[in-house]
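1. Let's see this in three dimensions:
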Amino acid sequence: MKIAFAILCFLDGFPQNGTAFFSNMNNCLYFSKFLSEQKSIKIGEEFKQYSCYCKMVKVNEKVRLY
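-> Model prediction:
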């Protein structure tokens, strides 16, 4: 097992599919900030906010880290 930083994204509080793993916190925070600062997303007639967070996790040795 090795330490990684997972980026977890939510659309109006609902978790979204897919998780990327980063080798260091700075990379994770960069992408988290970039994704969270996007304009609201229009789905149908509603505008929804996208927000992302970083979390330290343990992953298998075979997991690719960005």
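
2. Now for the closest residue to Lys55 other than its chain neighbours, how many residues are close by?
-> Of all residues beyond its chain neighbours, the one nearest Lys55 is Ala6 (5.1 Å), with distances taken as CB to CB, 6 or more residues apart in numbering. Bear in mind the C-beta positions are built from the backbone N, C-alpha and C, glycine included. Per other CB atoms under 10 Å, the neighbour tally for Ala6 reads 16.

3. A strand includes Ala6, no?
-> Yes. Under DSSP: H, G, I helix; E, B strand; the rest coil, Ala6 falls within a strand.

4. Pairing partners for it in the sheet, please.
-> Phe21, Lys55 (DSSP bridges).

5. Check Ser51 too.
-> Phe10.

6. Next, the contact list for it, please.
-> Cys9, Phe10, Ser36 (CB atoms under 8 Å, 6 or more residues apart in numbering).

7. want to throw the residues you listed into TSV with distance to Ala20?
-> TSV is the format used below for the contacts of Ser51 (distance: CB to CB, whole Å):
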residue	distance to Ala20
Cys9	9
Phe10	14
Ser36	14
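
8. top of those by neighbour count?
-> Cys9 leads these on contacts (other CB under 10 Å) with 19 neighbours.

9. still on that earlier bit, ok, so of the contacts of Ser51, who is nearest Phe21?
-> Taking CB to CB as the measure, Phe21 lies nearest Cys9 of the contacts of Ser51, at 13.3 Å.

10. Just to check, that closest one is in contact with Cys28?
-> No. With contacts counted by CB atoms under 8 Å, Cys9 stays clear of Cys28, the gap being 11.6 Å.
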